[in-house]
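In: Dropping a prediction and its sequence here:
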Amino acid sequence: MVAKTRTTAKRAPQRTDAHRAAVIELLNTQVAVASDLYSQLKQAHWNVVGHEFIAVHELFDAQAAIALAHVDLFAERIRSLEGVPSGTVRQAAKASKLPELEVRELSVPVAIGEILKRFEKYGSLLKDAAKACGDEHDDSATEDIFIEALRAADQQAYFLRSHLPA
């Protein structure tokens, strides 16, 4: 009888590179912000009322899907850098830099204005993270991920602004 040898999965060694750790921290911050943006978009989606309700309701739902895709993009980049994503709702609430959306019915103009502020803040944070990755941490791949997300955030802010009176 031949004894079976148990094999364990090999893991890449954890790197102690300070730049890598800083990039992982930037990514985890964006996991939190994008998660929070997702939940606030869903909150607005459920509670928007008024003229053009259905268009804005559907817009917020589509935007929530984009934010959720960003959460996954950032978390998977963290794993590729041998880090651990911090992605629970409680973790996101602690780390997000977005203002809280008030829990109440929101008229269409108020909802759009509030979500627009959050997309603008998200875009600003993404721009800062991209700049830090490129200028300070020599990580062009993560910089590119942040720039890709920034383009999407800017486009969504444009869509929201197009609903506001001139």
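Out: The structure has been received and is ready for your questions. Predicted model only: the values in this text are computed from it and were never measured. Numbering: from 1, shown residues only.
In: For the longest helix along the chain, name the packing helices and strands.
Out: The residue-count maximum for a helix in the chain (DSSP state H) belongs to helix 18-47. Counting contacts by 3 or more Cβ pairs under 8 Å, 6 or more residues apart in numbering; DSSP states H and E, helix 18-47 is packed against helix 53-80, helix 89-95, helix 108-135, helix 140-161. Heads up, the C-betas are built off the backbone N, CA and C, glycines and all.
In: Let me see the contact set for Gln164.
Out: Quick fix: residue 164 reads Leu, not Gln. Going by Cβ atoms under 8 Å, 6 or more residues apart in numbering, Leu164 touches Pro109, Ile112, Gly113, Leu116.
In: where does this structure have low pLDDT?
Out: Residues of the chain meeting the criterion pLDDT under 70: 1-16.
In: Contacts for stretch 41-61, please.
Out: With Cβ under 8 Å, 6+ apart as the test, stretch 41-61 has contacts from 63-64, 67, 101, 103-109, 111-112, 114-115, 159-160, 163.
In: one more time with 6 Å, if that's ok
Out: Gln63, Ala64, Leu101, Glu105, Leu106, Ser107, Val108, Ala111, Ile115 (Cβ atoms under 6 Å, 6 or more residues apart in numbering).
In: Can you tell me the centre-most residue of this structure?
Out: Taking Cα atoms, centre = their mean as the criterion, Ala34 is the residue nearest the geometric centre of the chain, at 2.1 Å.
In: Quick check: closest non-adjacent residue to Phe60.
Out: With Cβ to Cβ, 6 or more residues apart in numbering as the criterion, Phe60 has its nearest non-adjacent residue at 3.8 Å, and that residue is His45.
In: Equivalent analysis for Lys117, please.
Out: Nearest non-adjacent residue to Lys117, counting by Cβ to Cβ, 6+ apart: Pro99, 7.2 Å away.
In: On the three-state scheme, the one you found is what?
Out: Here Pro99 is coil, with the state taken from DSSP: H, G, I helix; E, B strand; the rest coil.
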